[in-house]
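Trainee: With the sequence up front, the predicted model follows.
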2 protein chains.
Amino acid sequence: MHITAKVDYAVRTLIELAAAGPSPSKAEFLAQSQTIPHKFLEAVLADLRRGGLVNSRRGPDGGYWLARPAEDITIADVIRTVEGPLASVRGERPEDVDYAGPAAKLQDVWIAVRVNLRAVLENVSLADVANGQLPGFLITLTSDPGAWERRTRPATSVDEGAARG
Amino acid sequence: MHITAKVDYAVRTLIELAAAGPSPSKAEFLAQSQTIPHKFLEAVLADLRRGGLVNSRRGPDGGYWLARPAEDITIADVIRTVEGPLASVRGERPEDVDYAGPAAKLQDVWIAVRVNLRAVLENVSLADVANGQLPGFLITLTSDPGAWERRTRPATSVDEGAARG
DNA sequence: CGGTTTTCATACTCGGATGGTAGGAATTCG
DNA sequence: CGAATTCCTACCATCCGAGTATGAAAACCG
């Protein structure tokens, strides 16, 4: 469950474009604003252009701008454009896996994971983030202080010889 | 957002052990039951043992069995044992990332993603899956037929507005 | 037209992860 | 003892992630 640099860069760049409005922004400016290696960002922007999320123009006064309104581009759109499906199991889509015996119902778990991923990523737009006004359900999810705590797996009772409550 | 073969194998193997009860199961049997390469499964089982999720014994009548009750081991436990943190952004934990300018609130999105991942993975146990009796919230999440449909990113032309809220 | 600025395309590197395989040592049992 | 099984170390092939280098193509300026 890893957000790659490419996805991270793509989302941040598009947020920057959402904030910039309709006039074109140069790759060099975007790279410096978000601290992204310039040439690497160019490759990401190429994917975004081929995916139809941004338009571009060359030459002086050239640059990149959003191809659609920032309200209509979700984080899920960005991930699918630069990386493919939101969730996959060993390269397959969750609905395509097939498990034997007692593991049969494991498929439902992966489906539920995808449902919950979608519930967040398909319901936050670039405009939401750029304006700093996240949707209500997002506020609710992140307002629990536990949401910000790191959680490590429980220490096994076996290797802690002495103390166990 | 990719479930690796290692995680998939680990979970399925532990479910098989949950179904097998307290008597030891041999790696060869587990490999064949779940169609996993035998030697690769051995490496996975080694991680699970070092992580304290299974115990083992050698020799004839040897094998592997769960170190804790199947009701007390969640899918999240398994993922953290064999792969590390549930969610990460460019190798960092979501609470540690720091974004400039209009992207600042993007951190909250990643936090929300982790919250929703935890909501599923920390609340399904090996016993739930092995018994085929998933918790109610899981049933609810997967009973929507849309949960099983693949979703592709919208075509470049604007057609359907996403149902928000 | 020439020169400058920018995007665009291609190819390359480099390390680490992923998904395995092989061979043999250690342990347990009959 | 000998057979069965886990356990350990090493190895391998391939791909992916992240980034670099070089230069061609387009757009604008005068």
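Mentor: Received the coordinates, thanks. Numbering: from 1, shown residues only, chains lettered A, B, ... in the order given.
Trainee: Quick one: the strands in chain A, in order.
Mentor: A:2-3, A:54-57, A:63-66, A:88-89 (DSSP state E).
Trainee: what's the closest of these to DNA strand D?
Mentor: strand A:54-57 (5.4 Å; CB to the nearest atom of the strand). Heads up, the C-betas are built off the backbone N, CA and C, glycines and all.
Trainee: buried sites along the closest one?
Mentor: Across strand A:54-57, burial judged by 16 or more other CB atoms under 10 Å in any protein chain shown covers residue A:54.
Trainee: ditto for stretch A:87-97
Mentor: A:87, A:88, A:89, A:93, A:94, A:97.
Trainee: nearest residue to residue A:25 other than its sequence neighbours?
Mentor: Leaving aside its chain neighbours, residue A:25 sits nearest to residue A:63 (4.8 Å; criterion: CB to CB, 6 or more residues apart in numbering or on different chains).
Trainee: Identify the residues contacting the one you found.
Mentor: A:23, A:24, A:25, A:26, A:27, A:29, A:56, A:57 (CB atoms under 8 Å, 6 or more residues apart in numbering or on different chains).
Trainee: now swap in residue A:53 and tell me
Mentor: Residues in contact with residue A:53, defined by CB under 8 Å, 6+ apart, are A:14, A:66, A:67, A:68, A:73, A:77, A:78, A:81.
Trainee: Check it and give its pLDDT.
Mentor: Residue A:53 carries a pLDDT value of 98.
Trainee: now the one 4 residues further on
Mentor: Model confidence at residue A:57, expressed as pLDDT, equals 96.
Trainee: In contact with it, which residues?
Mentor: A:24, A:63.
Trainee: Which parts of chain A are helices?
Mentor: A:5-20, A:27-34, A:38-50, A:75-83, A:106-121, A:126-130, A:136-143 (DSSP state H).
Trainee: could those go into a markdown table alongside mean pLDDT, distance to residue B:152 and mean neighbour count?
Mentor: Below are the helices of chain A laid out as a markdown table (pLDDT from 0 to 100; distance: least, CB to CB, whole Å; neighbours: other CB atoms under 10 Å in any protein chain shown):
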| stretch | mean pLDDT | distance to residue B:152 | mean neighbour count |
| --- | --- | --- | --- |
| helix A:5-20 | 98 | 17 | 23 |
| helix A:27-34 | 97 | 27 | 18 |
| helix A:38-50 | 97 | 15 | 16 |
| helix A:75-83 | 97 | 7 | 21 |
| helix A:106-121 | 98 | 13 | 22 |
| helix A:126-130 | 98 | 19 | 24 |
| helix A:136-143 | 98 | 24 | 15 |
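Trainee: Mind putting the ones you listed into JSON lines with distance to DNA strand C?
Mentor: Shown next, in JSON lines, are those (distance: least, CB to the nearest atom of the strand, whole Å):
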{"stretch": "helix A:5-20", "distance to DNA strand C": "11"}
{"stretch": "helix A:27-34", "distance to DNA strand C": "4"}
{"stretch": "helix A:38-50", "distance to DNA strand C": "5"}
{"stretch": "helix A:75-83", "distance to DNA strand C": "14"}
{"stretch": "helix A:106-121", "distance to DNA strand C": "15"}
{"stretch": "helix A:126-130", "distance to DNA strand C": "19"}
{"stretch": "helix A:136-143", "distance to DNA strand C": "26"}
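Trainee: Nearest to residue B:103, out of those helices?
Mentor: Nearest to residue B:103 among these is helix A:5-20; the distance by CB to CB comes to 4.4 Å.
Trainee: what residues does the closest one touch?
Mentor: Residues outside helix A:5-20 that contact it (CB under 8 Å, 6+ apart): A:25, A:30, A:33-34, A:36, A:40-41, A:44-45, A:47-48, A:53-54, A:64-66, A:70, A:73, A:75, A:78-79, A:81-83, A:126-127, A:129-130, B:89-90, B:99, B:101-103, B:106.
Trainee: Recalculate using a threshold of 7 Å.
Mentor: Helix A:5-20 is touched from outside by A:25, A:30, A:33-34, A:36, A:41, A:44-45, A:48, A:53-54, A:64-66, A:70, A:73, A:75, A:78-79, A:82-83, A:126-127, A:129-130, B:89-90, B:99, B:101-103, B:106, with contacts defined as CB atoms under 7 Å, 6 or more residues apart in numbering or on different chains.
Trainee: Give me the distance between that helix and the centre of its chain.
Mentor: Its chain's C-alpha centre and that of helix A:5-20 lie 10 Å apart, by CA atoms, centre = their mean, to the nearest Å.
Trainee: Tell me what angle it forms with helix A:38-50.
Mentor: 70 degrees (axes from the mean of the first three to the mean of the last three CA atoms, to 10 degrees).
Trainee: From residue B:65, how far out is the residue nearest to residue A:25?
Mentor: 62 Å (CB to CB, to the nearest Å).
Trainee: still on that earlier bit, now tabulate the contacts of residue A:53 in a markdown table and tack on distance to residue A:4.
Mentor: Below are these laid out as a markdown table (distance: CB to CB, whole Å):
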| residue | distance to residue A:4 |
| --- | --- |
| A:14 | 15 |
| A:66 | 22 |
| A:67 | 23 |
| A:68 | 23 |
| A:73 | 19 |
| A:77 | 16 |
| A:78 | 12 |
| A:81 | 13 |
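Trainee: Understood, closing this out.
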